[in-house]
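1. Just need the structure, nothing else, for what follows:
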Amino acid sequence: MELLQVFSLLITLTAAFGYLNHRFIGLPPAIGVMVIALVMSLGITIAGKFFPEFLIDVRSIITGINFYQLLMEVMLSFLLFAGALHVDNHTLASERVPVMVFATVGVILSTFIVGTLLYGLLLLLGMQIPFVHCLLFGAIISPTDPVAVLSILKQANVPEKLEVKIAGESLFNDGVAVVAFLSILNIARTGTEEASFGQIAGLFLQEAVGGILFGLVLGYLGYYLIKSINAYTVEVLITLALVMGGYSLATLLHLSGPLAMVVAGLLVGNKVRLHGMSELTQAYVDKFWELIDEILNSILFVLIGLEILVLHFSWNYLLVGSISILIVLLARLISVGIPFSLLRLRLQFVPHTLRVMVWGGLRGGISVALALSLPSEMNRDLIVSITYIVVIFSIIVQGTTIKRVARKVTEEARANAIQ
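-> Numbering: from 1, shown residues only. Okay, the predicted model is just below:
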């Protein structure tokens with residue numbers, strides 16, 4: 001299928017699934033369309049038993065969609081910029097220490113905890129694979145999805161400081177996790193003997209620090225351009241150019257595009273909005289990026305639901321994936337709990353912050369995309385399968401219950417404030 005036909009099909013399915021969810025099911029939009037896509041995938045698989053050619057045709061269409069390229073090179077820049085656009089800089093600045101600790105130390109801890117526990121699990125099951133491949137899975141599954149959980153937290157009226165912690169961590173740990181993944185992938189390709197600490201540190205500095213600095217440049221460039229005019233159509237186009245042109249240039253310069261988009265989005269959403277835009281422009285920019293965010297997020301979750309048609313599952317993979325759900329949750333508890341316990345000695349946290357951060361750490365499209373980008377010689381089928389199982393559990397089970405957990409925290413916080 002041609003690119004336009006594929007995109008048209010995705011938009012049509014997303015619109016249809018969105019309607020069905022809103023009309024009959026009532027789940028959060030992204031989760032609802034993914035559940036319907038999963039049910040449809042199951043139906044197509046069953047129909048394939050009777051009409052094998054139909055299943056082959058559908059699988060060929062799904063296989064023709066490069067999930068990694070579509071998400072990491074196209075959609076991610078828009079989603080991260082849109083997510084950062086509505087984060088308050090003042091609150092984020094007051095929470096900068098826990099946000100950066102959770103997004104860096106937390107991701108690194110999670111990567112090694114998950115990798116080590118998975119390696120031990122596979123040894124017990126007689127499925128030994130190189131330890132570095134288990135670390136790759138750790139890096140793949142460690143980033144939390146900033147999009148899926150933020151809308152749910154807003155509906156639950158979570159205290160602003162807690163919401164910013166979760167939003168900030170999710171936005172920044174995507175970039176950090178991608179850099180960690182690339183570093184471990186480089187070690188897996190070249191061998192531990194060839195990869196030195198200096199090379200890894202250099203890559204991290206170039207990608208992460210370089211991406212943050214580049215994001216600052218993009219944000220201030222947007223500020224000076226938008227401040228100098230008063231034409232909402234052109235100003236919306238400038239924000240679009242910052243994302244598309246900025247992300248492409250960051251990739252060419254081997255800088256972290258995700259981190260650049262987060263920083264640029266924070267600047268545009270705060271400094272540019274307050275000092276460079278009229279009220280009319282603010283309204284158009286907000287509505288434009290809100291629509292972009294909702295549409296792309298829905299398409300992403302439809303794709304996640306459809307990808308199950310082309311995955312190769314086995315009973316061993318299902319067993320490892322099911323146990324990996326517990327491993328990932330345990331790693332999340334430890335990787336957030338240790339920094340949280342240390343930070344709490346000097347900083348104040350909203351009651352039950354740890355509980356919400358652990359259960360609200362949803363995994364999503366980035367994990368699936370990173371897993372699908374692995375070469376076949378790195379146990380790709382196994383890692384993709386268990387990644388998919390963890391992501392589906394995270395989105396459906398954690399995504400549909402985090403609202404209740406968050407509401408309990410909100411109610412307790414209000415009760416404490418009254419007392």
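
2. Flag the shaky bits of this protein, pLDDT-wise.
-> Within the chain, the segments meeting pLDDT under 70 span 1-2, 147-157, 192-197, 413-419.

3. what's the spacing between the residue most central in space within it and N297?
-> Against the mean C-alpha coordinate of the chain, by Cα atoms, centre = their mean, the closest residue is D145 at 3.2 Å. The gap separating D145 from N297 is 10 Å, by Cβ to Cβ, to the nearest Å. Using the backbone N, CA and C atoms, a C-beta is placed for each residue, glycine as well.

4. Go ahead and measure how far the helix or strand M244 falls within is from the middle of the chain.
-> Per DSSP states H and E, M244 falls inside helix 232-252. Centroid displacement of helix 232-252 relative to its chain, using Cα atoms, centre = their mean, to the nearest Å, is 21 Å.

5. next one: stretch 81-92
-> The answer for stretch 81-92 is 16 Å, by Cα atoms, centre = their mean.

6. Check stretch 28-36 too.
-> The answer for stretch 28-36 is 16 Å, by Cα atoms, centre = their mean.

7. got it, and stretch 252-270?
-> 15 Å.

8. and if you look at stretch 323-336?
-> 17 Å.

9. and what of stretch 226-245?
-> That offset, for stretch 226-245, works out to 26 Å (Cα atoms, centre = their mean).

10. ok, now which ones touch the closest residue to the residue nearest to the centre of the chain other than its chain neighbours?
-> Leaving aside its chain neighbours, D145 sits nearest to G364 (3.1 Å; criterion: Cβ to Cβ, 6 or more residues apart in numbering). The neighbourhood of G364, defined by Cβ atoms under 8 Å, 6 or more residues apart in numbering, consists of T144, D145, V147, A148, L300, F301, I304, V391, S394, I395.

11. Tell me the spacing between G364 and D293.
-> 14 Å.

12. Give the buried residues for stretch 374-385.
-> L374, M378, N379, R380, L382, I383, V384, S385 (16 or more other Cβ atoms under 10 Å).

13. Report the two of those residues separated the most.
-> M378 and S385 (13.5 Å; Cβ to Cβ).

14. ok, which stretches of the stretch 301-419 of the chain are strands?
-> In the stretch 301-419 of the chain, no strands are defined using DSSP state E, counting those that start in this stretch.

15. Helices along that one, start to end?
-> In the stretch 301-419 of the chain, the segments counted as helices under DSSP state H, counting those that start in this stretch are 315-343, 353-359, 365-372, 380-393, 399-418.

16. Minimum distance to F112: which of those helices has it?
-> Among the helices of the stretch 301-419 of the chain, helix 315-343 sits nearest to F112 (Cβ to Cβ), with 8.8 Å.

17. how far does the closest one sit from the chain's center?
-> For helix 315-343, the distance to the chain centre is 17 Å (Cα atoms, centre = their mean).

18. Give the buried residues for the longest helix belonging to the chain.
-> For the chain, the longest helix by residue count, based on DSSP state H, is helix 160-190. Using 16+ other Cβ under 10 Å as the test for burial, helix 160-190 gives 161-185, 187-188.

19. could you check the angle helix 399-418 makes with that helix?
-> Orientation check (axes from the mean of the first three to the mean of the last three Cα atoms, to 10 degrees): helix 160-190 against helix 399-418 gives 140 degrees.

20. angle of helix 160-190 against helix 365-372?
-> Going by the same axes, to 10 degrees, helix 160-190 makes 10 degrees with helix 365-372.

21. ok, residues contacting the helix or strand that comes right after helix 160-190?
-> Later in the chain than helix 160-190, the nearest helix or strand by DSSP H and E is helix 197-204. Contact with helix 197-204 is made by V179, L182, S183, N186, I187, as judged by Cβ under 8 Å, 6+ apart.

22. got it, and stretch 316-330?
-> Here stretch 316-330 has contacts from 113-114, 117-118, 121-122, 125, 127, 141, 358, 363, 381-382, 385-386, 388-390, 393-394, using Cβ under 8 Å, 6+ apart.

23. With stretch 133-140 instead?
-> Taking Cβ under 8 Å, 6+ apart as the rule, stretch 133-140 contacts 107, 110-116, 118-119, 122, 177, 180-181, 184-185, 188, 331, 367, 370-371, 374, 378-379, 383, 386-387.

24. still on that earlier bit, got the angle for the longest helix of the chain vs helix 197-204?
-> Using the same axes, to 10 degrees: helix 160-190 against helix 197-204 is 130 degrees.

25. wait, what's in contact with L266?
-> A84, L85, V87, N89, L92, G219.

26. So which of these sit within helices?
-> Going by DSSP H, the helices hold A84, L85, N89, L92, G219 from these.

27. Count the residues that sit near the first one.
-> Here the number of neighbours of A84 (other Cβ atoms under 10 Å) works out to 27.

28. before we move on, what about the third one?
-> Under the neighbour criterion other Cβ under 10 Å, N89 is assigned a count of 17.

29. picking that back up, L370 versus the residue nearest to D145, what's the distance?
-> Where L370 is concerned, G364 sits at a distance of 11 Å (Cβ to Cβ).

30. One more: V97?
-> Distance from V97 to L370, by Cβ to Cβ: 28 Å.

31. Could you do G305 as well?
-> 18 Å.

32. Same check on D145?
-> 12 Å.

33. With A188 instead?
-> With Cβ to Cβ as the criterion, A188 and L370 are 13 Å apart.

34. likewise L216?
-> Taking Cβ to Cβ, one finds L216 at 26 Å from L370.

35. Who has more neighbours out of the two?
-> L370 (27 against 15).

36. residues in contact with the closest residue to L85 other than its chain neighbours?
-> Counting by Cβ to Cβ, 6+ apart, G269 is the residue found nearest to L85 once chain neighbours are left out, at 3.9 Å. Taking Cβ under 8 Å, 6+ apart, we find G269 in contact with A84, L85, H86, V87, N89.

37. count of neighbours near L347?
-> 12.

38. Would you mind measuring from it to L362?
-> In terms of Cβ to Cβ, L347 sits 25 Å off from L362.

39. Also L185?
-> 24 Å.

40. where's the residue lying closest to G48 once chain neighbours are set aside, which helix or strand?
-> Using Cβ to Cβ, 6+ apart and skipping residues adjacent in sequence, the residue nearest G48 is L55, 2.8 Å away. If you go by DSSP H and E, L55 is part of helix 52-63.

41. Let me know the next secondary structure element after that helix.
-> helix 67-70.

42. Restrict that following helix to CA atoms and write it as PDB.
-> This file holds the C-alpha atoms of helix 67-70, laid out as PDB (Å, rounded to 0.1, in the frame of the first residue of the first chain):
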ATOM      1  CA  PHE A  67       6.300   1.400  13.600                       C
ATOM      2  CA  TYR A  68       9.700   2.500  14.800                       C
ATOM      3  CA  GLN A  69      10.200   5.100  12.000                       C
ATOM      4  CA  LEU A  70       6.600   6.300  12.300                       C
END
